[in-house]
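[1] okay, predicted coordinates and the sequence, questions at the end:
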Number of protein chains: 2
Amino acid sequence: MNRTTLIENGYDCWLGYKQIEDEVRREDALRVSSRYAIIGESPLLRTAGKELAVALSAMLGHVELGHLSERQEGKQGGIVVAGVYGSSPVFEPLAEVYDFAGLGEEGYIIHSSEEGGRIYLCAASDKGVLYAVFHFIRLLQTGQRLEGLRIREVPRNGLRMINHWDNMDGSVERGYAGGSIFYKDGRFIEDKSRIRDYARLLASTAINAVSINNVNVHRQESKLITDEFLPDVAVVAGIFREYGIRLYLSVNYASTIEIGGMATADPLDAEVAAWWKQAAADIYRYIPDFGGFVVKADSEFRPGPFTYGRNHADGANMLADAIAPFGGDVIWRCFVYNCLQDWRDRKTDRARAAYDHFMPLDGEFRDNVMLQIKNGPMDFQVREPVSPLFGGMTKTNQLLELQIAQEYTGQQRHLCYLIPQWKEVYDFDTHACGERSTVGEIASGRLFGRERGGIAAVSNIGDDLNWCGHVLAQANWYGYARLAWNPDLSAEQIASEWIRMTFGLDEDLERVILDMLLGSYSIYESYTAPLGVGWMVNPNHHYGPNVDGYEYSKWGTYHYADRVGMGVDRTVHTGTGYVGQYHAPVAESYESLADCPDELLLFFHHVPYLHVLQSGKTVIQHIYDTHFEGAEQAAELLAKWDSLASKVDSGRFKHVRERLAHQAEHACEWRDMINTYFYRKSGIADEQDRLIY
Amino acid sequence: MNRTTLIENGYDCWLGYKQIEDEVRREDALRVSSRYAIIGESPLLRTAGKELAVALSAMLGHVELGHLSERQEGKQGGIVVAGVYGSSPVFEPLAEVYDFAGLGEEGYIIHSSEEGGRIYLCAASDKGVLYAVFHFIRLLQTGQRLEGLRIREVPRNGLRMINHWDNMDGSVERGYAGGSIFYKDGRFIEDKSRIRDYARLLASTAINAVSINNVNVHRQESKLITDEFLPDVAVVAGIFREYGIRLYLSVNYASTIEIGGMATADPLDAEVAAWWKQAAADIYRYIPDFGGFVVKADSEFRPGPFTYGRNHADGANMLADAIAPFGGDVIWRCFVYNCLQDWRDRKTDRARAAYDHFMPLDGEFRDNVMLQIKNGPMDFQVREPVSPLFGGMTKTNQLLELQIAQEYTGQQRHLCYLIPQWKEVYDFDTHACGERSTVGEIASGRLFGRERGGIAAVSNIGDDLNWCGHVLAQANWYGYARLAWNPDLSAEQIASEWIRMTFGLDEDLERVILDMLLGSYSIYESYTAPLGVGWMVNPNHHYGPNVDGYEYSKWGTYHYADRVGMGVDRTVHTGTGYVGQYHAPVAESYESLADCPDELLLFFHHVPYLHVLQSGKTVIQHIYDTHFEGAEQAAELLAKWDSLASKVDSGRFKHVRERLAHQAEHACEWRDMINTYFYRKSGIADEQDRLIY
C-alpha cells in the first residue's frame, strides 16, 4: 500500500504526514527547517534523525542533511539542530536561557535562535532529543508558528506505560480491534514490521514503557520468561529500545509451579525466591534494560500469595528483591476483590476491596514496587468515583491505571472520547494533604515524595488496519499518552492537536470533530447506566444493555432496583461504609444525600425514583430525559460526521460513518431497554409522554 | 473394564445383566429358559441369538444352544424358541391363538406353551423376533413370571426415531453428556465399538430410526452426502442395520450451492432437482436402506426455500421426489419462526409461527414427506401448550418431536424425568375430530388415516462413560423409546421397568427411585419459570435462572412483567390471536381467564400479580410458594437418594449424589432469583413471611 492508502485507512494514525498545502506556511517552514543536523551518535539519535528526515521531507517536500558550518558557506535557509546538551559547543548558549539540570532523562528544549536561523532541539539525553524531534514535528503538523520558539518540556510522570492484554494464541482480552500484533498461534509473529510501526507511534507521544502480554497469564504466556521465548522477547525489546521504550512482561505468580516444576509459590519459601532470582538473571541476560514484571495476583482466579497465607507485600517484595539487582521494577495490580460474591449479601462491597486489602500494607512494599490502581473502585465503568487508595496510601509507590480499550464505553463501536473522564480523575482532589492533593499529584509521586510513579493504561490497539477498530478511537490512545506527559493539557487542546495531525488543517473540520469528540463521553454516559450506578451490560462480553445482566451475579455488581427505587447505599451511616475510605471533605459530600454529586448519586445512595436531584429533576425523569436525549445526540453525531463528507478521505469517512450509524441505532436499543425497564418497575410515566415500550 | 465396572459407571445402562440373585427365581427361570433355539438365518436373527445368549448366560449363569429335538433326547428344562412365523412348522400352532396378519414388520408374540416346556418368541419378520427377544430379556430382568405368557405387541408408531445434534468437530449442540460418539476433529471416529453398543441399546427399546448429524448442518457436515464421507456413513448404517435401525442424515437445504457449486437452491429449478436426484442415487449406492433426509430450513439462519420466494411444500417435495424412487423419506421440521423479532413489538407472536407457516400448505406435501413438529409452539420449555398444528393439519404426515436432551429442563444436572410431560402431550385431546383426537393418535397417523407417522426426539447421549451425564437421565432415553412403542404405558410403569433393569430388584430401592423420578418434573417446574410463561434462563447456554434473560431479545420470548403483572396475552379477543389456532373447546378454555389451566395461565394471559388462580392462590403467592417448596423438594431428592447408599453401587451412587447436591443448591439459586425479582417488581410480601432477598 502506498502512503496515501495507509493514511486513508487509518494505519498512519497521527503521523500521516502530508505536504503542507498552504504555500505561505510551507515557505515559512522551509525557511527555518529545510535542513537539519543531528549532533552526536546513538541508536536513539539515529531514530530521531530518521524521523526528522521523514517528516520534513514529507511535509516540506524538500529537506537536506545540513552541517553547522553551512551558513558560512552561503547556504540559504535555517537549520534544525538536534542533540544532547554538552555534546557540542553549539548548545552552550542555551544554558543561559534554560535550566538543563532539571530536564532529567526525558525533558527537552525547543528553541529558535534570536536571528531565526536555527532551531535547537536539545535535551539532557538522547531520549529527550527524540521527544523534542516529535514535538517539533507536531508543531509543523498542527500549523504552529516556528518563530520565537521557547519550549521547555519535562514529563510530569516518570512511568508512562501501555499494558497489552494480548494472549499468545493471537487473541486480545477485551480487544476490539482485531487480534494481537505480537502473537499468533502460540508464538511470536515472524514479521515484526508492525511492532516497529507501533513503537514509532508510541514514541511520538513519549510513551516509555510497554507490557506485551495479558495480565491473565495463561500456560503458554507463562513461558515468556524462559529460554523458549526470551530470544523472541529480546527481539521485540530491541525494537522498542530504538524508540526509547522499555519492555515489561506480565508474569504468572505461580510460575514456580507452572513452569518451575516446584510444589509451591509461597513467597517466603527460600527456593521460590531463589527461582525468581535465577529467572530475573536469565531475563536480563537477554534484555539488559528489561523493565520488570506486571502482576495480577489473587484476583479473578489468578494465583497469588493468599494461597500460602501471605499478603500482597510478601508476594510483591519477593519478586522485587529478585529483580532489584538488575534495575527492574514490580508493578503489582490492586484489582483484588471477591469475585464469588453472593448477590443476596448486601454487606460485602466490592468497591471496598482494594482499599481493605492494600491500606494495611502501606509502607511495607519495596522501593522498586509500584502498586497499579484502577481509576475507580469497580472496573472501568463509564462513571465511578476515584479509588480511595489514592490519598489513602502515603508510603507506597502508586500507578494510576486507566483503560484506553473501551470495554464498558462502547468497545470502539461507539464514539467515546475518554480524555474528559481521565481529566476528572487526574484532577480529583483527594484532600489527603489538604487542598490540591490531586490524583495526578499522587500518581506522579510528587505529593508524597515518592521516587517512582506514573500512569499505565490498557491498550485499545489490535491488528485491524486502523489499529483501534474505530479511527476516532485513536484519539484516546493519543490523548492518553499526551495526558500522561502533561495532565494539565485540556481535553480540547489534545483533541485539537490530534485532529490536525490526523485529518489536516481545516477549521470547519476541526470544529465539527472537536465538537463530536468533546461531547461523546457525556452522550455515551447519558444513554447507558444512569447516575453512576454502572454495569447494566450483557455479561461476559459487556456489550449492549442488560439492566439485570449483572444483578444476580457473583461479581459484586448490583443496582438493587425495585419498584420503589434503586442504587447502592455505600454510606457509613446506613450502608457498606465504603464512603469512609475517603478523606473528610470528600467523604462528607458523598455521605450526604443532599451534597452527593448527581452523577454519582446511585453509586453512593439507594434512593426512590422520585428523589429530586440537585438538577431539580427526579431520578426517574432524569433517566428518561438523558436516555431520550442521549439517543438523539448519538444520531446527531452521525449527522455531524456526514457534514464532513467532502473534507475527509472516503476511506476513513465511510469507515467512521458505519460505526456512527451502528452507534445511533444501538443507542436507541439502550434508550428503549433502560427506559422500559424502569418504567415497568416504577410505573411512573414520562412527564413528556414520549414513547416508552 | 470388566462388566461390573461397566455397570457401576453406568455404561451398560438398562442392559447391565447380573445373575439373578433370588435362587427360587433363578431356578424358575432356568427351568423354562436354560436353552434357546433360533430358527432360521439372517443378520437380525443372528443379533437376536447373540443377545439372547448374552442375557441368559449372564442372568442364569448357564445357557445352552438347544435343538427342537432335544426334549425327545431326554434333555431337562424348557427351551426358548425364536423365529419368524412361517419359517418352521413349530410356530404353526400359534396361529390358532394369535392374528399374525396384523403384526406387521415389527410386532411380535411371546407365548408359553401350555405344558410350559417352551417359550416362543415369534414374529412376522426377523426384526419383530429381535424385539421379542429384548422383551423376553426384560421380563427376566424385571422379575416377571415366565409361566403362561400371552404377549402380543404391535408398535403404535411406525417411525420411532432419535435425532442427534452432533457436529463433525465432535461437539454436540445442546449436548450435556460430553462429545459426539460419532465424530471427532471433522471426521468419523475410527473405533466404532461405541456406536455398536449404542445401536444395541436402541434396539433393546425398539428404536428403528436414527439421524446422526445436527439439524444445523454446517460446512463439513454438508459433505456427509458426498463420496468423501458416504463410505463412512455406510459403515455406521451397517452397524445400525444389524439392530434393525435405519440411518438418516440431516442435510443442508443449500447443498446445491454449498457443495454442488451451483448458484441457486431454488426448489423449482430443474437443475437443483436433478442435483438432488443424483445425490440420492449416490447415497443409495452406498446405503440401500437409507432412511432419508432430515431438514431444518428457513429457521434460525438456516437456508431454505423462502430465499427463492418458494414455500416449504416446494422445498420438501423437491427433496421427496428425489428420494422417493429409492424408498426414502423427507422429514421436514416445522420449527420456523422469525428469530429477529423486536421486543417492542407486541403483535408478532412466535407461538403462532409454525401454524401460520404450515397450515396453508396442508395437503400439499408428498406422501413420503413427514412434518416434524415440536411438542409445543415455542421450544421445549418445561411447560407449554401443545402445538396447534396437531389437529390443525389433517392431510399431512406428522411426526411429534420431543427433546430428550434436557436443554431447558436442567441439562442433565438436574433430575427431571420427562415421561409425565410427554404423556400429557400424547394424551392431549385436540378435539380435531371430536373427543379422543389425541396428539398420540394424530402423530401415529391413525386419526387422519395417514400411512406415515411417528415420533422423533433429540438425543440426550454423548461420549460420557454413562452416556447421559446423569445416570438417572437414562430413564428419559429409555422411557422415550418405550412410550414411542406404546404411548399407553404409564410414567410409573416405565420408571419401574427402568429401575429394575438398571439397579436390580429391590423393593425399597424401587420405591425411592420411583418417587424421585415421578416427582422430579413437577419439582423442576416449580422452582423455575412459573405458570407456563417459560424462558427466564440465561441466554445462549440456557442454564440457570435469568428472569430478563430473554426479555429484551430478538427471539420472541417475552414475559412482559411489570410492577402490576405479567404474562403474554395470546387470546383472540385482546391478544395475539394465537388461541384461535386451537379447536373450539380447547380454544374456549384457553381464551377464558376463568377456565385456562393454572399451569398455562401466563402463556395465554397477562394478569395482575394479585389475580386469583383456580387453586385459590394469587399469582404472586403461587410463585413464592412453588419456589420455596420446589427448592425444599430438590433438597429432599438428595436426602432420598442418600437413603440408598447401601443399595446402589458406589460408582453410580456417588455420581448421582454429586448431581443431586448441585441441583439442591442450584434450586435455591432459582428460588431466590425468581422470588426476589418478583418481590422487587410487585412489592407484594410473601404471606408466610419467608426470606426473600
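    Okay, I see it. Only a predicted model underlies this, so the values are computations on that prediction, with no experimental measurement involved.
[2] tell me the secondary structure for the closest residue to chain B within the stretch 501-650 of chain A?
    Going by C-beta to the nearest C-beta, chain B is nearest to A:Asp562 of the stretch 501-650 of chain A, at 3.6 Å. Yep, even glycine has a C-beta here, placed from its N, CA and C like the rest. Three-state assignment for A:Asp562 (DSSP: H, G, I helix; E, B strand; the rest coil): coil.
[3] can you read off the pLDDT for the nearest residue to it once chain neighbours are set aside?
    In this structure, A:Asp562 finds its nearest non-sequential neighbour in B:Arg680, 3.6 Å apart by C-beta to C-beta, 6 or more residues apart in numbering or on different chains. Listed pLDDT for B:Arg680 reads 97.
[4] before we move on, back to that, give me the number of residues near the residue of the stretch 501-650 of chain A closest to chain B?
    Residue neighbour count, defined by other C-beta atoms under 10 Å in any protein chain shown, stands at 20 for A:Asp562.
[5] surely it and B:Ser682 touch.
    No - A:Asp562 is beyond contact range of B:Ser682, at 9.5 Å (criterion: C-beta atoms under 8 Å).
[6] per the record, what domains does chain A have?
    Here the domain parsing of chain A from the TED database is A:3-153, A:159-489, A:527-568+A:606-682.
[7] make a markdown table out of these and add distance to B:Ala316.
    Formatted as a markdown table, the domains of chain A follow (distance: least, C-beta to C-beta, whole Å):
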| stretch | distance to B:Ala316 |
| --- | --- |
| domain A:3-153 | 47 |
| domain A:159-489 | 41 |
| domain A:527-568+A:606-682 | 37 |
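[8] for those domains, which one sits closest to B:Trp670?
    domain A:527-568+A:606-682 (10.4 Å; C-beta to C-beta).
[9] kindly check the end-to-end length of the closest one for me.
    Counting by C-alpha to C-alpha, to the nearest Å, you get 18 Å between the two ends of domain A:527-568+A:606-682.
[10] chain center to that domain: distance?
    Offset of domain A:527-568+A:606-682 from its chain centre (C-alpha atoms, centre = their mean, to the nearest Å): 23 Å.
[11] what parts of chain A come near chain B?
    Contact residues (C-beta under 8 Å from any C-beta of the partner chain) of chain A with chain B: A:343-344, A:545-548, A:552, A:561-564, A:672-673, A:676-677, A:679-683, A:693.
[12] and the residues you listed, which of them are in helices?
    Among these, the members falling in helices (DSSP state H) are A:672-673, A:676-677, A:679-682.
[13] follow-up on the earlier one: quick check, the residue nearest to A:Asp562 in contact with A:Tyr558.
    No - B:Arg680 is beyond contact range of A:Tyr558, at 11.5 Å (criterion: C-beta under 8 Å).
[14] more neighbours, those two?
    Higher neighbour count among B:Arg680 and A:Tyr558: A:Tyr558, with 23 against 20, using other C-beta under 10 Å.
[15] that one contacts A:Met566, correct?
    No - contact between A:Tyr558 and A:Met566 fails when scored by C-beta under 8 Å: they sit 9.7 Å apart.
[16] any idea how far A:Ala280 is from A:Lys374?
    Distance, A:Lys374 to A:Ala280, using C-beta to C-beta, to the nearest Å: 27 Å.
[17] correction: the previous question concerned A:Leu247.
    Applying C-beta to C-beta, the value for A:Leu247 to A:Ala280 is 14 Å.
[18] then A:Asp329?
    Separation of A:Asp329 from A:Ala280 (C-beta to C-beta): 12 Å.
[19] can you check A:Asp515 too?
    Plainly put, A:Asp515 is 50 Å away from A:Ala280 if you go by C-beta to C-beta.
[20] which one's more surrounded, the two?
    The neighbour comparison of A:Asp515 against A:Ala280 (other C-beta under 10 Å) goes to A:Ala280, with 22 against 14.
[21] ok, now which ones touch that one?
    Neighbouring residues of A:Ala280 by C-beta atoms under 8 Å, 6 or more residues apart in numbering or on different chains: A:322-323, A:325-326, A:328.
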